[in-house]
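Asks: dropping the sequence and predicted coords here.
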Amino acid sequence: MKAIRRFTVRPVLPEPLRPLSDLARNLRWSWHTETQQLFQAVDPEGWRPADADPVRLLGAVSAARLAELAADQPFLRRLTEVSEDLRAYLDGPRWYQNQLSQGAELPAAIAYFSPEFGVTAALPQYSGGLGILAGDHLKAASDLGVPLVGVGLLYRHGYFRQTLSRDGWQQEHYPVLDPNELPLTLLREADGTPSRVVLALPGGRSLYASVWQAHVGRVPLLLLDSDVEENAPGERDVTDRLYGGGSDHRLLQEMLLGIGGVRAVRTYCRLTGHAAPEVFHTNEGHAGFLGLERIRELAETGLDFEAALEVVRAGAVFTTHTPVPAGIDRFERQLVSRHFGDDGELPGVPVEKILRLGMETYDGGEPDLFNMAVMGLRLAQRANGVSTLHGSVSREMFSGLWPGFDPSEVPITSVTNGVHAPTWVAPEVLRLGASRFGTERAENALAGAEVGTTDRTGGGAAGTPRRWDAVTAVPDREIWDLRRGLREQLVTEVRKRLYASWRRRGAGTAELGWIDGVLDPDVLTIGFARRVPSYKRLTLMLHDRDRLRELLLHPTHPIQIVVAGKAHPADDGGKRLVQELVRFSDDPKVRHRIVFLPDYGMGMAQKLYPGCDVWLNNPLRPLEACGTSGMKAALNGCLNLSVRDGWWDEWFEPDFGWAIPTADGSATDEERRDELEAGALYSLIEDRVAPRFYDRNAEDLPERWIEMVRRTLVTLGPKVLAGRMVREYVERLYAPAALARRALEPGTARELAAWKARIRAAWPQVAVDHVEATADTVVGGSAELGSTLALRVRIALGGLDPDDVEVQVVAGRVDSGDAIAEAQTFPLKPAGGHDLEDRWLYEGPLALDRTGPYGYTVRVLPAHPLLASGAELGLVAVPNAATVEGGGVVLR
C-alpha cells in the first residue's frame, strides 16, 4: 500500500552530538577526509563512500547508537576537533582576504549562476560536465575565500538514473527528491515564513518559488523550487527535471533561474547581511535573463534602458561552454515576447529592446530566433571560453556579433577549466603525499592554496606549489604499488556494479558466475566515461572490431576497458551508440575485458578516475570545449590518451600521455575520418601505450611508465587545479568587472549610453579617405628590414571628434590572399586640424621589423576609456583600394 502523505522525521541528536548536524549540512564534508572518517565512525556499515550522505546516515542511526556515541569520549574529542576545524575554515582569512589586505581591488561579492551544480552525489542536481565544473568552481572559491553566491534551480526529479534493458537499450528513471531529506535548509523570513520569489506570467498568472540553501564550505548555494502550494499544477512542475520538457517549459525554467535567481540573491542578502554582488557571472546562456532583471532594478532608480544596460554589462561575465551551436538554447521570437511586457515579466521594459538583445541579427543568423548565448554576450562586457582552443572556436562561432573584425579580435578570451583536487583525488593518493610532507601541506597543494600569483601555465615559481615537487622523491615501488592498489579497487567496484546491472537486466544469479573473472588488476586498464552526444564518439573504439578484440585478448600485452556514459533521454541516436557498445561488451569472448557501467555519476567517477591507467578521449576536434574528466584522472596518476582538443590541446606533452592524430584538416567524409582516427588509436595502443606499460625492469617495475606518472603529478597536476582557474577568474574577469561597474555611477552611465548612441548614428559617415606611405628605402615593392614607412592618412569623422576614435595601422606578414597574419597594431596621431569637409589628417611611422611578404592597412575604431576593447561596439572603418597609395612590401 502507498502512503497518502509523505513527510520527514528528523533525528534528535543528543546534546554532545549536536555538532554532527552542522557538519552534515555543510557540504565541505564531501571533500574533507577527516569529516568523512568521522561520519564513517558513526555507522561503519551504513557509510558508503560511493554515495555517502551524512544527512541520511544520521536519520538512519538508532537511538541506542547515538547514546553510545554521546558517551564515547575519544569520539567526542574527534568531533570537537573536526567541528573546530570547520569553524576555522569558515571564519579564517584565506587567499582572497590576503589579497584584499595587500591592497587588491576586488569585488565585495560575486553571484554565480548555473542551470546545474554537481557538488556531491548526495545532492543530485547535475547531468554532466557543466554541472560538475560549476560545483568545482564553488568548492575552489570556498577554499580560496572568494565571496561567491551560487544560484541554480532545485529539480525535484534531478537528472535521470540510467539502467539497461536486456538487449542493452538505455532506460531512464526519475527519482523523487524530498528537499527535507537533502543537505538543504529553507530560506525563511524573519518571522519564520518561507521566503518566496514571484514571477509574473501571461494571463495574470504567477510563478512562485521557494529558496533552498546549501552550504558549500564558505559559499552559499541558492536553489529555487517551484513545487510550492501557491502554484497551479503546471507551474509546480517548472523545476521538475533538469533539461526536460519542451520550449515553453525550458523558457520558464530559464526565466526562473535568471530573473528569479536575482530576486533570490537580493532576498538572501537582505536576510543574512551578505554583501550585495558587484559582479554577476552567467555560466552558459541558460541564466541570461538575469541581465534583464538587473536592468529592471536600475530602471526603478530612474535610469533609462540604455544607461541601465551599460551598468549591467560592466558588471557581468559570460562563460560559453559549448563549441556546438546545437548546444545553445534558442526560442521562437513570439514565445519570448509573450512572456514579457505589460502582460508578463519586466513591465515597463520595452519588449522590442528585450528581443533585440537575443535576436540573431547577423550574417548567417536566423532573425526570428532568440538565442540565449547571444543575449549573454550582449549583456556582458567580458566573456570567455573554457580552454585556449575553445576560446578560438568561440571567437569564430560568434564573430557575426562583431562584423568587420577578424575572429582573433572578437572580445572573447579564455580561462581553461580546472578540477577540484580534494574532491577527485583518491584518499590513497593524498595519503602518499601526506606521508612525504604532511596532511595539511598535501591538502593545501591539492586545493591550490600554496600558489602565489596566477600563472596560466601552472609552472614556474609563481605557478607551481613547492610541495608538488616532493613527488619526485617518492620511490618507484611506492608509486607502482599505489597504482596497482587503485586498479584493484576499481576491479572490485566494476564487478559489484556489473552484477547489479545484470540483475536489473533480468539475469538470474546462476547466470552471473562469470562476473567474478571480469577485469584483472594486473592488466592495462583504459577508462572512457562521459555524456554520449555523437561528437564524443563513444563507439569509435568499435570501428574495427576484430582489431579491438586483438588488443583486448593480446597474449602478452592485453588491455581492458571500462566504459560509462548517459545519452540524453530525447537522443535516440545516442541511445543506439550505448546499445552498440553494450552489445559488444556482452560478447562472452570479450566480456571479461570490456564492460559498460550504467548510471555514470559522481560516485562512480571517484572510483573510475583513480583506478584507470589511461584515460581515453576521442571527440571530433574541435568540438570538445574542455573535457575535464582527463584532468581528474591525471591528478590520480592516470595518463591521457586523447585527441588534441579542449585542455589537452594546450597542455599536452609526451611526458603526460599520448596525442591521437586527427584528420580534421584533410578528411571531409565523416566515415573516412573515423576510419583514419580509429586506426591511429589502435596503433598507438598497440605500438606505444601497451608496450610501455608491460616493459618491466629486473624488479618487475615499468620504469618509463612510472616516470610518466610522476611527471603527470608534478608538472601537469598544478595546471589542472580549479584553484588556478578561480584565481584567473578573479584577477582577469571579476576584478576588472567590479572596477568597471564602480566607474558607472548613474550620470556616467547616461553619458556613456549617449556617447554610444552618437557614435552609432555618425558611424556610416566615418571613412578612411586617403592613405599614403613614403620611405626612401622602398624600391619596387621591396624594402629592407629595419626601415620605416611614414604614413599619412585622411579620415572623415562624420561630425565626431578625434577623441571619439582611435586611428590604427594594422601590420604584419601577409599570405597569398593579402590577409594579414600575426597582426600588430600601432596608433596614428592627429596632425593638425580638419579641412572644410571635416576630414582629419593622421600621421605616424611604421617600422618594418619582419622579413618576408609584409603588408598593412589602416582602420578607425570607436575609443572611450570605459570600453573594455576597441571591438566592443562592433564598429570599424577601413579603406577601400582606391584610397591607398602604395601596397604591400617584401622585406629583405
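Replies: Nice, thanks for sending it over.
Asks: which residues of this protein score low on pLDDT?
Replies: Applying pLDDT under 70 to the chain picks out residues 2, 4-10, 436-467, 665-668, 776-781, 836, 881-892.
Asks: what's the longest strand in it?
Replies: The residue-count maximum for a strand in the chain (DSSP state E) belongs to strand 820-834.
Asks: partners of that one, with directions?
Replies: strand 805-814 (antiparallel), strand 839-847 (antiparallel) (DSSP bridges).
Asks: so who does the closest residue to Ile820 other than its chain neighbours touch?
Replies: Nearest non-adjacent residue to Ile820, counting by CB to CB, 6 or more residues apart in numbering: Gly812, 4.6 Å away. (Glycine included, C-beta is placed from N, CA and C.) By CB atoms under 8 Å, 6 or more residues apart in numbering, the contact set of Gly812 is 820-824, 850, 854-856.
Asks: ok, now with 7 Å
Replies: 820-824 (CB atoms under 7 Å, 6 or more residues apart in numbering).
Asks: kindly report the same for Asn697.
Replies: Glu703.
Asks: helix/strand/coil for it?
Replies: coil (DSSP: H, G, I helix; E, B strand; the rest coil).
Asks: now find how far off-centre stretch 328-336 is within its chain.
Replies: Taking CA atoms, centre = their mean, to the nearest Å, one finds stretch 328-336 lying 24 Å from the centre of the chain it belongs to.
Asks: would you mark the buried spots in that stretch?
Replies: Residues of stretch 328-336 classed as buried by neighbour count (16 or more other CB atoms under 10 Å): 328-331, 336.
Asks: mind giving me the packing neighbours of the biggest helix by length in the chain?
Replies: Taking DSSP state H as the criterion, the chain has its longest helix at helix 476-504. With contacts defined as 3 or more CB pairs under 7 Å, 6 or more residues apart in numbering; DSSP states H and E, helix 476-504 has these neighbours: helix 427-437, strand 594-597, helix 602-611, helix 703-711.
Asks: rewinding a little: just how off-centre is the longest strand of the chain within its chain?
Replies: Counting by CA atoms, centre = their mean, strand 820-834 comes out at 38 Å from the chain centroid.
Asks: mind listing what's buried in that strand?
Replies: Those would be 820, 823, 828, 834, for strand 820-834 by 16+ other CB under 10 Å.
Asks: the third one and Phe584: what is the separation?
Replies: Between Leu828 and Phe584 the distance is 65 Å, computed by CB to CB, to the nearest Å.
Asks: cool, and the last one?
Replies: With distances defined as CB to CB, the gap from His834 to Phe584 amounts to 75 Å.
Asks: again, but for the first one
Replies: Using CB to CB, one gets 51 Å for the distance from Ile820 to Phe584.
Asks: list the contacts of the residue lying closest to Ile559 once chain neighbours are set aside.
Replies: Of all residues not flanking Ile559 in the chain, Leu524 sits nearest, at 4.8 Å (CB to CB, 6+ apart). Residues in contact with Leu524, defined by CB under 7 Å, 6+ apart, are 559, 613, 690, 693.
Asks: quick check: Leu524 vs Ile685, distance?
Replies: With CB to CB as the criterion, Leu524 and Ile685 are 9 Å apart.
Asks: repeat that for Gly874.
Replies: Where Ile685 is concerned, Gly874 sits at a distance of 48 Å (CB to CB).
Asks: look at those two and report which has more neighbours.
Replies: Comparing Gly874 with Ile685 by other CB atoms under 10 Å, the one with more neighbours is Ile685, at 26 against 17.
Asks: surely that one and Ile559 touch.
Replies: Yes: contact criterion CB atoms under 7 Å: Ile685 and Ile559 qualify, at 6.4 Å.
Asks: touching both of these two, which residues are there?
Replies: With CB under 7 Å, 6+ apart, Ile685 and Ile559 have common neighbours Leu551.
Asks: helix or strand right after the longest helix of the chain?
Replies: Next along the chain after helix 476-504, taking DSSP states H and E as the criterion, comes strand 524-529.
Asks: quick one: that next one to helix 476-504, angle?
Replies: Computed with axes from the mean of the first three to the mean of the last three CA atoms, to 10 degrees, the direction of strand 524-529 lies at 50 degrees from that of helix 476-504.
Asks: number of nearby residues for Glu229?
Replies: Going by other CB under 10 Å, the residues that sit close to Glu229 add up to 7.
Asks: please, which helix or strand holds the residue most central in space within the chain?
Replies: The chain has Leu133 as the residue nearest its centroid, 4.7 Å off, counting by CA atoms, centre = their mean. In this structure, Leu133 sits in helix 129-144 according to DSSP H and E.
Asks: and that helix with helix 602-611, angle?
Replies: 80 degrees.
Asks: overlap in contacts, Leu524 and Ile685.
Replies: With CB under 7 Å, 6+ apart, Leu524 and Ile685 have common neighbours Ile559.
Asks: hey, what's Pro862 bridged with?
Replies: What pairs with Pro862, by the bridge criterion (DSSP bridges), is Val805.
Asks: and the gap between it and Val312?
Replies: Distance from Pro862 to Val312, by CB to CB: 20 Å.
Asks: ranges for the strands of the stretch 201-350 of the chain?
Replies: Listed in chain order, the strands found in the stretch 201-350 of the chain under DSSP state E, counting those that start in this stretch are 206-216, 219-225, 279-283, 316-319, 330-332.
Asks: quick one: strands adjacent to the second one?
Replies: According to DSSP bridges, strand 219-225 forms sheet pairs with strand 148-153 (parallel), strand 206-216 (antiparallel).
Asks: and whichever helix or strand comes after the first one, which strands flank it?
Replies: Stepping forward along the backbone from strand 148-153, the first helix or strand reached (DSSP H and E) is strand 161-164. For strand 161-164, the pairing partners within the sheet under DSSP bridges are strand 170-173 (antiparallel).
Asks: which residues touch the partner strand?
Replies: Under CB under 7 Å, 6+ apart, the answer for strand 170-173 is 160-165, 567, 569, 575, 578.
Asks: just the buried members of those?
Replies: 160-164, 567, 569, 575, 578.
Asks: the residue lying closest to Trp169 once chain neighbours are set aside: neighbouring residues, count only.
Replies: Counting by CB to CB, 6+ apart, the nearest residue to Trp169 once its immediate chain neighbours are dropped is Gln579, at 5.3 Å. Neighbour count of Gln579, defined by other CB under 10 Å: 19.
Asks: now render the buried residues of stretch 328-336 as CSV, adding distance to Gly261.
Replies: Below are the buried residues of stretch 328-336 laid out as CSV (distance: CB to CB, whole Å):
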residue, distance to Gly261
Ile328, 19
Asp329, 16
Arg330, 21
Phe331, 18
Val336, 18
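Asks: of these, closest to Ala868?
Replies: Using CB to CB, Ile328 comes nearest to Ala868 of those, at 22.9 Å.
Asks: so which of the contacts of Leu524 wins on neighbours?
Replies: Highest count within the contacts of Leu524 by other CB under 10 Å belongs to Asp613, 26 neighbours.
Asks: wait, that one sits on Phe693?
Replies: Yes: assessed by CB under 7 Å, Asp613 is found in contact with Phe693 at 6.5 Å.
Asks: please, where are all the helices along the stretch 1-150 of the chain?
Replies: Listed in chain order, the helices of the stretch 1-150 of the chain (DSSP state H, counting those that start in this stretch) span 19-25, 33-42, 54-60, 63-70, 73-91, 95-101, 129-144.
Asks: hey, which of those helices is tucked in deepest?
Replies: Of all the helices of the stretch 1-150 of the chain, helix 129-144 has the most neighbours on average by mean count of other CB atoms under 10 Å, namely a mean of 27.
Asks: count the neighbours of Asp522 for me.
Replies: Asp522, neighbours per other CB under 10 Å, totals 11.
Asks: mind listing what it touches?
Replies: By CB under 7 Å, 6+ apart, the contact set of Asp522 is empty.
Asks: make 53 the first number, not 1, from now on.
Replies: Shifting the count to begin at 53 puts that one at Asp574.
Asks: now Pro798: phi and psi?
Replies: Listed backbone geometry of Pro798 is phi -50, psi -40, with angles given as degrees, to the nearest 10.
Asks: no wait, Ala559
Replies: The phi/psi pair for Ala559 (degrees, to the nearest 10) is phi -80, psi 140.
Asks: that'll do, ta.
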